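> got a sequence here, can you model it:
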Amino acid sequence: MNFKSQLNNFLKNYNKLIILGVGNELKTDDGVGPFIIKKLKEENIENEKLIFINAETVPENFTGKIRKENPTHLIIIDACLMNSKPGNMQIVNKKDFANIGISTHSMSLSFFVKYLEKDTDFKITFVGIEPETMNWGDEPTVNVKKTAQEFISILKEILS
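Residues are numbered from 1 along each chain as shown. From the prediction side, this is the model:
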């Protein structure tokens, strides 16, 4: 099943969706999550059913906001080392979090997700984008930017 179909299946019957961008904006492709959130906010499509959060390197600081919003669905977007081509985007199964390199934050995303799942029943998925580099730099590489735009286009198409 391709990425668009997987995301479409995940978002079936969503009532309230939070998209959480995670990553370090000063480390080139590691900043793809925050980059996507900024681009989505520029699209001016945020509303009471669609909330964008730029969690940068501290997603744990937003657990209260996420729980308060009580979404039916949560998408976490981050750079992710998956041994694939730079810019490759895929939905990563929660069970596979431990086996892949997730970017640079203080709390592991698998622990973060387990914490969020405690006492809640919303659906959570993780979108990983393979980085080309995580050296110092203030915006993603060309391939990763292209993938970020592709994600935004797919999301807008599914939600419209």
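> report the buried residues of the longest helix along the chain.
Using DSSP state H to define each element, the chain has its longest helix at helix 142-159. Judged by neighbour count (16 or more other CB atoms under 10 Å), helix 142-159 contains these buried residues: 143-145, 147-148, 151-152, 154-155, 158. The C-beta positions use only the backbone N, C-alpha and C, and glycine is treated the same way.
> tell me which of these is nearest to I76?
Nearest to I76 out of the buried residues of helix 142-159 is F151 (CB to CB; 12.5 Å).
> kindly reformat the buried residues of helix 142-159 as CSV containing pLDDT and distance to G64.
Formatted as CSV, the buried residues of helix 142-159 follow (pLDDT from 0 to 100; distance: CB to CB, whole Å):
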residue, pLDDT, distance to G64
N143, 97, 35
V144, 98, 30
K145, 98, 31
T147, 98, 30
A148, 98, 27
F151, 98, 26
I152, 97, 27
I154, 97, 29
L155, 97, 25
I158, 96, 28
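> which one among these gets closest to F112?
Lowest distance from F112 to the buried residues of helix 142-159 (CB to CB) belongs to F151, with 20.3 Å.
> helices along the protein, start to end?
With DSSP H, the ranges of helices along the chain come out as 3-11, 32-42, 63-69, 109-117, 142-159.
> contact partners of the fourth one?
It stands for helix 109-117. 22, 59-60, 63, 66-67, 74, 76, 78, 94, 97-98, 102, 122, 124, 126 (CB atoms under 8 Å, 6 or more residues apart in numbering).
> so what's the residue nearest to L50 when sequence neighbours are not counted bridging to?
Distances taken as CB to CB, 6 or more residues apart in numbering place L17 nearest to L50, at 5.4 Å, with adjacent residues excluded. The partner list for L17 in beta bridges (DSSP bridges) reads L50, H73.
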